[in-house]
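Participant: Pasting the sequence and the predicted coordinates here, then a few questions.
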Amino acid sequence: MTVRDAAWSAYREALPALVASLVGGLLAGLVLGGMRAELQEFSGLLVLVPALLATRGNVYGSLGARISTALHQGLVEPRVRAGDERLRAAVAAALANGLLASSFAAVATFGVLTLLGGPVAPLPVLVAIAVLSGLLSGVTLAAVVVTAVFAGYRRGRDPDTLVGPLVTTTGDVFGMLFLLAAARVVLAATGVV
Amino acid sequence: MATAWTVRAISRATLPVLLGLTLVEVGSGLVLGRFEAQLLRYPTLLTLVPVTIGTAGNLGSILAARLSTAFHLGTLSFDPGDEALAGNAVATVALSVTLFPVVGVGAWALTALVGGGRLSAGTVVTIALASGIGLALLAVAVTVAVTYVAYRLELDPDDVVIPVVTNVCDVLGVVVLFATVQVVL
């Protein structure tokens, strides 16, 4: 195998997944570009964005990988049944870890910005936005990942190759949409208080 | 090693790494915060942020996954003349040169569509492509270095390399975009 062959095969295999996540990333960017008012209202919210988006990818990518491995091993049946204890535990752990990491990101952002003396929104506001967006996008992403992995597996596709592009694409879009929604809800709530 | 399917066991296995990676990402957020005024002034740049971070992370994670597999199969050697290594490195740069102009055109067109874009298509594509080439070269360097360290320390590259590389490339995505914007604008 020459370098040229190796490069061509790597290029061809990677391109479709990268294009899918590129589309998701652009849509997420469109949402981010449209939330300038919220970014100006809550100092430090922009600093939180990469951590929140990465958390979605890290947590639900790992959930998808765990479920695909379990399907391959026959540990989990490809049916969405509330009675499946393993599936429930995996989803609950993903939600809990996602919420914990999101609040941790909010606390760390607040701490660092306070130390640097920069302007920063109050801690409860940042935590509320992080937790609310983490909860909304977490429930949505868990449903998307479980449904898509099961459907793909039943149609005879290898779920391992589905999970990566699916989570990066939907994670960015839903992550940003629910971040905008959470920021608006918290903005409305702080306006009332 | 297999993890038991309980909330406690799964959390214990994944939480320490997850929180560490979250801190790394807060670091990239701080870089983003440094040029917040510029981003708010030019919404097209804001539109570029998630897709640049995402594509950089994906380029790194795909390269890392391929090198880890080659490493497990014993077909990888850390020699610049190695076909698998050189071929994957070339493919990473080629993918970046293919995708980042599309990223630039897409970000420019979407922002123009909703209104508020102040930068010309040429400027946005220049920023995207220059960032993309810089990121591809850095992604190759970081991935090869981390895979090599994992190999020397006898760690399983699948466990270590992919999350580390993905998140480091996320951070580099913001840093390189920031640097490029300072040079171009």
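Facilitator: Now that the structure is in, tell me what you want to look at. Numbering: from 1, shown residues only, chains lettered A, B, ... in the order given.
Participant: which residues of chain A score low on pLDDT?
Facilitator: By pLDDT under 70, the weakly predicted segments of chain A are A:1, A:81-83, A:192-193.
Participant: The residue nearest the centre of chain A: what's it in contact with?
Facilitator: If you average the C-alpha coordinates of chain A and look for the closest C-alpha using CA atoms, centre = their mean, you land on A:R56, 2.1 Å from that point. With CB atoms under 8 Å, 6 or more residues apart in numbering or on different chains as the criterion, the residues that contact A:R56 are A:98, A:137-138, A:141, A:167, A:171-172, A:174-175. C-beta coordinates here come from the backbone N, C-alpha and C atoms, glycine included.
Participant: Tell me where the chain has helices.
Facilitator: Here I'm looking at chain A. A:3-33, A:36-41, A:45-73, A:85-116, A:123-154, A:159-192 (DSSP state H).
Participant: right idea, wrong chain: chain B
Facilitator: Secondary structure of chain B (DSSP H): helices at B:7-34, B:36-41, B:43-72, B:83-114, B:121-152, B:157-184.
Participant: In TSV: the ones you listed, plus mean pLDDT and mean neighbour count.
Facilitator: Formatted as TSV, those follow (pLDDT from 0 to 100; neighbours: other CB atoms under 10 Å in any protein chain shown):
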stretch	mean pLDDT	mean neighbour count
helix B:7-34	90	19
helix B:36-41	93	16
helix B:43-72	88	26
helix B:83-114	94	21
helix B:121-152	93	20
helix B:157-184	87	21
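Participant: mind giving me JSON lines with those and columns for distance to chain A?
Facilitator: Putting these into JSON lines (distance: least, CB to the nearest CB, whole Å) gives the following:
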{"stretch": "helix B:7-34", "distance to chain A": "4"}
{"stretch": "helix B:36-41", "distance to chain A": "5"}
{"stretch": "helix B:43-72", "distance to chain A": "3"}
{"stretch": "helix B:83-114", "distance to chain A": "2"}
{"stretch": "helix B:121-152", "distance to chain A": "11"}
{"stretch": "helix B:157-184", "distance to chain A": "6"}
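Participant: Export those as TSV, with columns for distance to A:L45.
Facilitator: Shown next, in TSV, are the helices of chain B (distance: least, CB to CB, whole Å):
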stretch	distance to A:L45
helix B:7-34	10
helix B:36-41	10
helix B:43-72	12
helix B:83-114	20
helix B:121-152	23
helix B:157-184	15
